[in-house]
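Coordinates for the following, if possible.
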Amino acid sequence: MVPADEIDIEMQEGNIAIRHPAYETRYVGVLYVTGARQPVLVHIPLKLGMPGFHSLRNLEIAYWVNQRDSNGRVSFGSD
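This is a model prediction of the structure:
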């Protein structure tokens, strides 16, 4: 579920917090949600097994950003 408003954001933050195994490292990012009144600071976990943050590919952004194209295929930007 990609968040659409403040309630969805709270739910996603909860999903991240209770994940097992837990994410060891989380970064703070700015999320611009269509249904929100203003940008929101959210926690973005470092993918499990990553030694550190070097690019967006190291972050578990699927909690916050839809990564599928209009045909439902997974779509990733280039580094």
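
Could you look up the SS state of residue 29?
strand (DSSP: H, G, I helix; E, B strand; the rest coil).

Quick check: closest non-adjacent residue to it.
In this structure, residue 29 finds its nearest non-sequential neighbour in residue 44, 4.6 Å apart by C-beta to C-beta, 6 or more residues apart in numbering. To be clear about C-beta, it is placed using only N, CA and C from the backbone, and glycine gets the same treatment.

ok so that neighbour is a strand residue?
Yes. Checked against three-state DSSP, residue 44 lies within a strand.

low-scoring stretches of the chain, by residue?
Low-confidence segments of the chain (pLDDT under 70): 1, 67-79.

how about the CA coordinates for stretch 34-41, as PDB?
Presented in PDB, the C-alpha positions along stretch 34-41 are these (Å, rounded to 0.1, in the frame of the first residue of the first chain):
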ATOM      1  CA  THR A  34      -1.300  13.900  -2.900                       C
ATOM      2  CA  GLY A  35      -3.900  13.800  -0.100                       C
ATOM      3  CA  ALA A  36      -1.800  15.500   2.500                       C
ATOM      4  CA  ARG A  37      -1.900  19.200   3.400                       C
ATOM      5  CA  GLN A  38       1.900  19.500   3.500                       C
ATOM      6  CA  PRO A  39       5.000  17.500   3.000                       C
ATOM      7  CA  VAL A  40       5.600  14.900   5.700                       C
ATOM      8  CA  LEU A  41       8.900  13.500   7.200                       C
END
